[in-house]
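Novice: Sharing a model that was predicted from the sequence below.
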Amino acid sequence: MEKRLEPEKVVMVRYGELFLKSDPVKYHFIGILLRNIRKALETAGHSCRFESPRGRIFISGEKPEEIAGIISRVFGVVDVSVCTRVAADPEALRDAAVALAAAHLHAPSRFAVRGKRQSKTGMNSQQLGEFIGSAIYDAIPGLTVDLTRPEYELYAEVRDCGGLVYDSRIPAPGGLPWGSQGKVLCLLSSGIDSPVASWLAMKRGCEVSHLHMDGGRWAGGDVKTTAIENHRRLSLWCPGADLQMIVTDAEPFYDRMQELRIPARLRCVLCKRFMLRAAGSLCGREGAQAILTGENIGQVASQTLANLAVISDATTVPVLRPLITYDKEETVALARRIGTFMEKPGDLACRAVPRMPATSAMHEAVRESEAALGIGELLDAVLARVQYVTAHNGKIL
Ligand code: ATP
Ligand code: MG
């Protein structure tokens, strides 16, 4: 191994669950992850060098902090650290560690050094930690070593690719790389739930596209723009990729329900069935294998188990509902964490919602209403007029 004389900054990327796979699957997924990372950085204007020794990805480029920030939003990545890389020997690590600690660690403070080594020769991990820890202790007066509850942690690793020193681990979302699990179409509304459902599917490696059904005059004045805003925010979680959204004009559907005086209590179930029909049809066109919604047991009157069964029956495409058992507070907490929660949501009220929606809509009554509506033709008319909205790195193109 060539000795590096000048310490250099590198970004170290850890990935977790990919380790559980067999070797061929693991390499396949790591390939996808690397491709996603390259694309995320390239489209953000970073030109970088990549190394992928066992279990890690190293990235060298200008502005490593910015690079780490971008990578911390890439699914499949568990955490990211900006490291100083030196020669893989204890003395070089010690000097780099003392320099790093001098910049960030101030007395009085409790600190710990976590040593780690890949090879079986030389100092073991604990000895390495002690060696570096005592150098820091001597260099900065007034410190206390505390291995159980430190206020500052410094990591020193001896790896085949060099010695690494760092003091922060930026958490990333984990999960599986975007696009490693096929494509799903997410029914995206202006609400809190469906963006979270979309994010959870992305986290499991799905390539997500969005479908918004624009209710026109039947939807609150801010519904469509808020749904597009959800779409834009979610694109920050697939950096480098184009996130697609289909917007359909569904106003004729609601107009027709009113025109034909369809029993008000059935409207919510009919509306959701119409959305699933549209999604099911578009899945074929878009090459998606499942539909995703933000539905949840008992959240609103239309989401009883009985209604969900009647709703699901509108399509043969599998319907995934990742939030099905979430409490609202859990969903809101996640929405805040991923940045889709909106403090001032605007006018999102649906004008078609009845005062008393049916809680166990009868299949028979629903089918009769759909026959009266001429649901097949309505669907064709609505799907004939779709608009595509592409979001990329937090911008609508
Ligand atoms: P959310 O559930 O996303 O917070 P919401 O509460 O306004 O939105 P619900 O009536 O709970 O909507 O709808 C259940 C699910 O149906 C949503 O999670 C979403 O997947 C889908 N959905 C609702 N409205 C629309 C719409 N206008 N376009 C596309 N999908 C929608
Ligand atoms: Mg909801």
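Specialist: Arrived safely, thanks for sending. Ligands and ions are numbered 1, 2, ... in the order given.

Novice: residues touching the residue of the chain found nearest ligand 2, list them.
Specialist: Using CB to the ion, the closest approach of the chain to ligand 2 is made by residue 193 at 4.2 Å. Using the backbone N, CA and C atoms, a C-beta is placed for each residue, glycine as well. Residues near residue 193 by CB atoms under 8 Å, 6 or more residues apart in numbering: 294, 295, 296, 299, 323, 331.

Novice: swap in residue 286?
Specialist: Each residue near residue 286 by CB under 8 Å, 6+ apart is listed here: 183, 185, 209, 244, 246.

Novice: now those residues in CSV, with distance to residue 91 and neighbour count?
Specialist: Listed next are the contacts of residue 286 as CSV, based on distance: CB to CB, whole Å; neighbours: other CB atoms under 10 Å:
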residue, distance to residue 91, neighbour count
183, 52, 15
185, 57, 26
209, 54, 24
244, 53, 18
246, 60, 21
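
Novice: Could you tell me which residues of the stretch 51-200 of the chain lie near ligand 2?
Specialist: For the stretch 51-200 of the chain, the residues in contact with ligand 2 (CB under 5 Å from the ion) are 191, 193.

Novice: neighbours of whatever residue of the stretch 51-200 of the chain ends up closest to ligand 1, just the number please.
Specialist: Relative to ligand 1, the nearest point of the stretch 51-200 of the chain is residue 191 (2.1 Å; CB to the nearest ligand atom). Counted with other CB atoms under 10 Å, the neighbours of residue 191 add up to 19.

Novice: so residue 376 sits in a helix?
Specialist: Yes. Assigned with DSSP: H, G, I helix; E, B strand; the rest coil, residue 376 falls within a helix.

Novice: Now do it, the pLDDT please.
Specialist: Model confidence at residue 376, given as pLDDT, is 97.

Novice: Now do it: how many residues are near it, please.
Specialist: If you count neighbours by other CB under 10 Å, residue 376 ends up with 11.

Novice: Same check on residue 386?
Specialist: 14.

Novice: and it, what pLDDT?
Specialist: Per-residue confidence (pLDDT) for residue 386: 95.

Novice: correct me, but it touches residue 250?
Specialist: No. At 10.6 Å, residue 386 and residue 250 do not qualify as touching, with contact defined as CB atoms under 8 Å.

Novice: Mind checking which of the contacts of residue 193 are in helices?
Specialist: residue 331 (DSSP state H).

Novice: which of the contacts of residue 193 sit farthest apart?
Specialist: Maximum pairwise distance in the contacts of residue 193, criterion CB to CB, is 11.4 Å, between 295 and 331.

Novice: anything in contact with each of the two?
Specialist: Common neighbours of residue 295 and residue 331 are listed as 193, 323 (criterion: CB under 8 Å, 6+ apart).

Novice: Break this structure into its domains for me.
Specialist: The chain breaks down by automatic domain parsing into domains covering 8-171, 183-396.

Novice: Which one, of those domains, ends up nearest to residue 177?
Specialist: Ranking those by proximity to residue 177 (CB to CB) places domain 8-171 first, at 3.8 Å.

Novice: can you give me phi and psi for residue 151?
Specialist: phi -90, psi -20 (degrees, to the nearest 10).

Novice: shift numbering so it begins at 304
Specialist: From this message on, residue numbering opens at 304, which makes the last subject residue 454.

Novice: wait, doesn't it sit right on residue 411?
Specialist: No. Between residue 454 and residue 411 there is no contact under CB under 8 Å: 9.6 Å.

Novice: Those two - which one has more neighbours?
Specialist: For residue 454 versus residue 411, neighbours defined as other CB under 10 Å are more numerous around residue 454 (14 against 9).

Novice: Which residue ranges of the stretch 304-453 of the chain form strands?
Specialist: Taking DSSP state E, counting those that start in this stretch to define them, one finds strands in the stretch 304-453 of the chain at 311-318, 352-354, 359-363, 380-389, 412-420, 446-448.

Novice: and the angle from the first one to strand 359-363?
Specialist: It refers to strand 311-318. When axes from the mean of the first three to the mean of the last three CA atoms, to 10 degrees is applied, the directions of strand 311-318 and strand 359-363 differ by 150 degrees.

Novice: go on, the fourth one?
Specialist: Per the same axes, to 10 degrees, the angle that strand 380-389 makes with strand 359-363 is 60 degrees.

Novice: Can you tell me what sits against strand 380-389?
Specialist: With CB under 8 Å, 6+ apart as the test, strand 380-389 has contacts from 307, 310-319, 336, 340, 361, 367-368, 371, 374-375, 395-396, 398-399, 402-403, 458, 464-469, 471-477.

Novice: average model confidence for it?
Specialist: So the average pLDDT for strand 380-389 ends up being 97.
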